[in-house]
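Colleague: next come a sequence and a model predicted from it.
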Amino acid sequence: MVGRSVPRKEGLDKARGAARYVDDLRFPGMLHGRTIRTTVARGEVTAVHLDFDTRGFAVVDHRDIPGRNVVALIQDDQPFLVEREVRHAEEPLLLLAHEDRETLRAASVRVEYRPGTPVLDPERSSRVFKEIAIEKGDLARGFAEADLVIEGEYRTGRQEHVYIEPNGVIAVPSGDGMTVYGSLQCPFYVHKALVGLLGLPHEKVRVVQTETGGGFGGKEDYPSIIAGHAALLAMRSGRPVKLVYDRLEDMAATTKRHPSIVRHRTGVTRDGRLTAMEIDVLLDGGAYCTLSPVVLSRGCLHATGPYRCDNLRVHGRVVMTNTPPSGAFRGFGAPQTVFAAEVQMDRVAEALGLDPVRLRGRNALRPGDTMATGQVLGEDASALAVLREAVKRSDFHRKRQAWRGTSRGIGLSLFFHGAGFTGSGEVMLASRAALELTPRGARIQVGSTEMGQGTRTTLAQIVAETLGLAVERVEVAEPDTASVPDSGPTVASRTCMVVGGLLKACAAEMKERLGGLSPAAYLKRHGPLRVIRQYEPPPGIAWDDATFRGDAYATYGWGCDVAEVELDPVTYEVRPTRVTAVVEIGRAVNPLMVAGQVEGGTAQGLGYALLEDVVMREGRMANAQLTNYMIPTTLDTPPVDVTILESPCRHGPFGAKGVGEMPMSGPGPAVANAVRHLGLDVRSLPITPEKVLECASSSTESEPTSTRRR
Amino acid sequence: MRFVLNGKRADVDAAPLKRLLDVLREDCGLAGTKEGCGEGECGACTVLVDGAPVNSCLVPFAHVRGRKVTTIEGLRSRLPEALVREGGTQCGICTPGIVMAAAALGPRPSAACVREALAGNLCRCTGYAGIVRALAGRRAAPHPRVRAARGPRPVAPGRPKRTRRS
Amino acid sequence: MATAFSRLPLLQPRSLDEALRLLRDEGPLVPLAGCTDLYVDFHFGTVGGRRFLDLQGLGTLRGIRRRGNTLVIGALATYAELIASPLVRRRLPILAEASRWVGSPQIQNRGTLGGNVANASPAGDTLPVLAVAEATVVLRRVDGERRVPFGSFYTGYRRTVMRPDELIVSIEVPPVEGRQWFRKVGTRAAQAISKVVMAAVRAPHPRIALGSVAPTVVRVPRTEAVLAGGGSLAEAQAVLVDEIQPIDDLRSTAAYRRRVSANLLAQFWSETGRKR
């Protein structure tokens, strides 16, 4: 079972339109909900006027909250509903529900404010959510050893998730309890948030994940807020309330990838050995802390790129601005810092007159090397393997030579990604997974969610392989907080490795208990069997949060992207023509699902690199429409040639590591380096035609030639 | 108002400017047609009207009077199987729309034809690779390969760390 | 504020005469054809009225035909029909080309030429084509018909000479002499809105029109005159960037639009200058 491209369990239901997503569900007596939001980036609410006939409406404001008006996450700073202080535009203020959607939509609410002066530039923010320093060796000595010091500043913008299914939930009141169905990644996060908000005991709150139309991090923390809103309306009206965002609201109000400014100072010897790296990371966290501290730590832990250097300092800060909170997005801080690191590497190579592959090969982390935090890499470290494979597979050197001075460019990026929660995260989560014997086989019980990435199928394969059963005989229970154990959030490329590992242990124990009996025979003879396992850190893995020393992640995946682009000299559009993506992820439990993560993540990365530009005006997203925020279509997405390398890791089931996030990190810098190959010094994303023009104008003026592309 | 829905005569009482999408989902109980944006950009709500793919979020119900409407529930196609086999569906919310838009393609389309025909269907999960493979055939797009990683070249003697400084 | 739309009245005339009478007697009414903008406008509350007139039942507004030397395109001709029409492909291939760049296949199956003209967006993809083809917009009202040269149809940003009781019935295109050229520069490779769109005809007196660089689609007569008078391409480019008035907006910058307009002019000139 493991290693085979087993078809997605729910695939046919999805492709035939039979799968039911939250907006497809209806409950008797159900109302529709709507969120009234602030329109200023900073200030105080002085008055709220309901300019409509409120009969038939349920209306809720912060005074109706029975529990705490705070979204329980890292810092308890974000309210479910604004009380008086407004920290960003699009902040929820008032909730309405009505049985007719159009009547609801037409209801007019006027809000008066005493406006304040918003802080919109992170470099001018004095409010720091989290600061991190990682140090190794002696930076001064490192720079003293260097023959050359190269500096650079790199910027990336916000990115919107654009899961095709917008956020949505349905809250159903039942006696003295509340059940919420929704499109979400982390049912137990939502559960925790609801318990606090509603002031209910744990067992009175139930959260059920419905089929989820994409997440990418965008449904990690935000669903807690929507669920809270729907639950408040349901509590007030005593009826089920559906709250499904339309695209505009989803884009304007929910989280985005953190914008970044990263500065590098790199010391290097003439023959290309890195002697010193000084890196400063600044992330814009938006108005509330949300997950920003963790995003910052992942960002900082990946800021050096996959390179060894004895003397380094990474200093990171995430600050507050009066904009909608930044949040989790596939890669979680790493795409920003890897972009900076990898463009810097090409600039270092350029300064030295060295081939970028040689410079990387010279400094790439190898098994046994010590990373910035003191972590010693295991035998599965594969930076060199992916680099060599990608260079060979793409015919990089020949193209690099042949295309010089033409409108075609080729560039690469080498990257890595820590699998699982950062630092002591996995230990604190203490995830649990359960396996229940069924007459046909077994049923997996976890809170880990399927949102397209293949959780159901992959976990079933791990269990089927261990039990020696056909994969069809392994069911996956609906993620329902009332009936499954908390296997931790579905984030951080952790599900296959960590939850899959727990399930493998469950299955091994189950197999032993079966003692050769068939499941049906066992049930008949001994009655029900349920095996449950809790996470324990692998031996020898240790992390100290206070000093940022130790094993930041149990293991790492490795990747190398080669991007080939063509510049249109008339329009300054950069068109990706091919991407060669090589990843090393331990073991591909399901190669088709792994490839899907690489192909899809690469496309998202190409969007981030070239198209996706959140335009902010006065603290609001000005292009919150799919007409004006561009994600790649079929014609913007080139063929992606995927090679999966396997170097099994001893911590993962059958050697598997994580894969979901990593492919997001490569395309940005690979494309930027391909554009650099064209002679354009671009140091920020996205690389829009407008930016290319600016860049081309500041270097040499060139006459357009007549090449035409479709 | 009368029209033909998935090959059967239908008579539905709904407001003329109500979106066809809402009529299908709410009045006809056909939830396979999805809403992704409500502005004709994502194609998740694609249905066929007289055989031609349209965004049902932009069609007033009045415009299908007497016409043939086909939704994912009424389409006979082998495409769903192919999409599942080639990894052309992940989260699945765009997939019914992809199937409907592709229904207008002739047999054995080229990869370029597929990409043009589906330019109005956004998929955020797959990077379109599996979709193109499913529609245009395996050879139309690169097929992922799996290989054992060769370990980093051993540098003797000892660890690379020592030798690189020499 | 979003509009609660489904219960708004929709009048559904069976004939053009009935439609025109309704426009005169029951107005103001917003005419609807392919509705590809309608629901977006509902969403933003930017629809220009509360009562609607459905043109879909008006068979006389359909069809693409030839009358003498003139290509007559019914206002309800969809982009898909323009793309498929042998007549359009022969007589005005750049109109078929422009139609292929509108939205997506789904939009092309619904959107109409009359709608693109009436909607009066400066970014309308077919409008530069109609401008260089020197098309005529045929307007009908209860008591008569008038024919407005395309060049004087627009009076400002999203404003036209149309009166509330008039409908566009057809677009008439005279024969176009010379090599036709079109290019759209959008926000991405497909399903995009124009950042700059140019149509042009290489003739002794060249014709050039651009979209998304001014409040309306524009011909650039001064630029045309430079080229007609034997001036150099560089001179023409210099005049062109002065002749258009692009702005910074969500989709692009004025500087980019200027520069790309000049580049498009060069591309047009070099591609149509070669012998076939």
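Modeller: Received the coordinates, thanks. Residues are numbered from 1 along each chain as shown, chains lettered A, B, ... in the order given.
Colleague: shouldn't A:Ile644 be in contact with A:Ile585?
Modeller: Yes: using C-beta atoms under 8 Å, A:Ile644 is in contact with A:Ile585, at 6.6 Å. For the C-beta atoms, the positions are set from N, CA and C on the backbone; glycine is no exception.
Colleague: and those two? Which one has more around it.
Modeller: A:Ile585 (38 against 23; other C-beta atoms under 10 Å in any protein chain shown).
Colleague: give the contact list for the more buried one.
Modeller: A:Ile585 makes contact with A:Gly557, A:Val594, A:Ile644, A:Leu645, A:Glu646, A:Ala656, A:Lys657, A:Gly658, A:Val659, A:Met662 under the criterion C-beta atoms under 8 Å, 6 or more residues apart in numbering or on different chains.
Colleague: how close does the residue nearest to A:Asn590 when sequence neighbours are not counted sit to B:Leu30?
Modeller: Sequence neighbours aside, A:Thr458 is the residue nearest to A:Asn590 in space, at 5.2 Å (criterion: C-beta to C-beta, 6 or more residues apart in numbering or on different chains). Per C-beta to C-beta, to the nearest Å, A:Thr458 is found 31 Å from B:Leu30.
Colleague: next one: A:Arg155
Modeller: According to C-beta to C-beta, A:Arg155 and B:Leu30 sit 46 Å apart.
Colleague: can you check A:Val562 too?
Modeller: 45 Å.
Colleague: what does A:Leu94 give?
Modeller: Separation of A:Leu94 from B:Leu30 (C-beta to C-beta) stands at 34 Å.
Colleague: okay, the residue of the stretch 1-150 of chain C found nearest chain B: pLDDT?
Modeller: Per C-beta to the nearest C-beta, C:Ser104 is where the stretch 1-150 of chain C lies closest to chain B, at 2.2 Å. C:Ser104 is assigned 96 on the pLDDT scale.
Colleague: related to what we said a few turns ago, shared neighbours of A:Ile644 and A:Ile585, anything?
Modeller: With contacts defined as C-beta under 8 Å, 6+ apart, the residues adjacent to both A:Ile644 and A:Ile585 are A:Val594.
Colleague: what pLDDT does the model give A:Arg549?
Modeller: 95.
Colleague: spatially nearest residue to it, not counting backbone neighbours?
Modeller: A:Gly374 (5.1 Å).
Colleague: per-residue pLDDT, the one you found?
Modeller: In this model, A:Gly374 carries a pLDDT of 95.
Colleague: who are the contact partners of it?
Modeller: Per C-beta under 8 Å, 6+ apart, neighbours of A:Gly374: A:Lys136, A:Arg549, A:Gly550.
Colleague: about what we covered before: in strands only, show me the contacts of A:Ile585.
Modeller: Counted as lying in strands by DSSP state E, out of the contacts of A:Ile585, are A:Gly557, A:Ile644, A:Leu645, A:Glu646.
Colleague: what pairs with the second one across the strands?
Modeller: According to DSSP bridges, the partner residues bridging A:Ile644 are A:Val583, B:Val146.
Colleague: give me the distance from the lengthiest helix in chain C to the chain's centre.
Modeller: Longest helix in chain C, counting residues (DSSP state H): helix C:254-273. Centroid separation for helix C:254-273 versus its chain: 20 Å, with C-alpha atoms, centre = their mean, to the nearest Å.
Colleague: likewise stretch A:652-669?
Modeller: Put simply, stretch A:652-669 sits 11 Å off its chain's centre (C-alpha atoms, centre = their mean).
Colleague: do stretch B:24-40 as well
Modeller: That offset, for stretch B:24-40, works out to 15 Å (C-alpha atoms, centre = their mean).
Colleague: separation between the residue of the stretch 151-300 of chain A found nearest chain C and A:Arg105?
Modeller: Per C-beta to the nearest C-beta, the residue of the stretch 151-300 of chain A with the smallest distance to chain C is A:Leu248, at 6.8 Å. Using C-beta to C-beta, A:Leu248 is found at 12 Å from A:Arg105.
Colleague: let's see if you can find the most crowded of the ones in strands among the contacts of A:Ile585.
Modeller: Going by other C-beta under 10 Å, A:Gly557 tops the ones in strands among the contacts of A:Ile585 with 29 neighbours.
Colleague: enumerate the residues of the stretch 101-250 of chain C near chain B.
Modeller: With C-beta under 8 Å from any C-beta of the partner chain as the criterion, the stretch 101-250 of chain C meets chain B at residues C:Gly103, C:Ser104, C:Pro105, C:Gln106, C:Ile107, C:Asn109, C:Arg110, C:Ala189, C:Ala190, C:Gln191.
Colleague: just the strands in the stretch 51-200 of chain A please.
Modeller: Ranges of strands in the stretch 51-200 of chain A, per DSSP state E, counting those that start in this stretch, are A:58-60, A:85-86, A:92-98, A:109-115, A:128-136, A:148-156, A:168-174, A:177-182.
Colleague: ditto for chain C
Modeller: C:10-11, C:30-32, C:52-54, C:64-67, C:70-74, C:136-141, C:144-149, C:154-156, C:159-160, C:167-173, C:179-186, C:194-202, C:207-211, C:218-219.
Colleague: please render those as CSV that adds mean neighbour count to the earlier fields.
Modeller: Shown next, in CSV, are these (neighbours: other C-beta atoms under 10 Å in any protein chain shown):
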stretch, mean neighbour count
strand C:10-11, 19
strand C:30-32, 20
strand C:52-54, 23
strand C:64-67, 14
strand C:70-74, 22
strand C:136-141, 21
strand C:144-149, 12
strand C:154-156, 15
strand C:159-160, 16
strand C:167-173, 23
strand C:179-186, 23
strand C:194-202, 27
strand C:207-211, 27
strand C:218-219, 20
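Colleague: want to throw these into a markdown table with mean pLDDT and distance to chain A?
Modeller: Formatted as a markdown table, the strands of chain C follow (pLDDT from 0 to 100; distance: least, C-beta to the nearest C-beta, whole Å):
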| stretch | mean pLDDT | distance to chain A |
| --- | --- | --- |
| strand C:10-11 | 96 | 15 |
| strand C:30-32 | 97 | 18 |
| strand C:52-54 | 97 | 16 |
| strand C:64-67 | 97 | 25 |
| strand C:70-74 | 98 | 25 |
| strand C:136-141 | 98 | 26 |
| strand C:144-149 | 98 | 29 |
| strand C:154-156 | 97 | 22 |
| strand C:159-160 | 98 | 22 |
| strand C:167-173 | 98 | 24 |
| strand C:179-186 | 98 | 5 |
| strand C:194-202 | 98 | 8 |
| strand C:207-211 | 98 | 14 |
| strand C:218-219 | 98 | 19 |
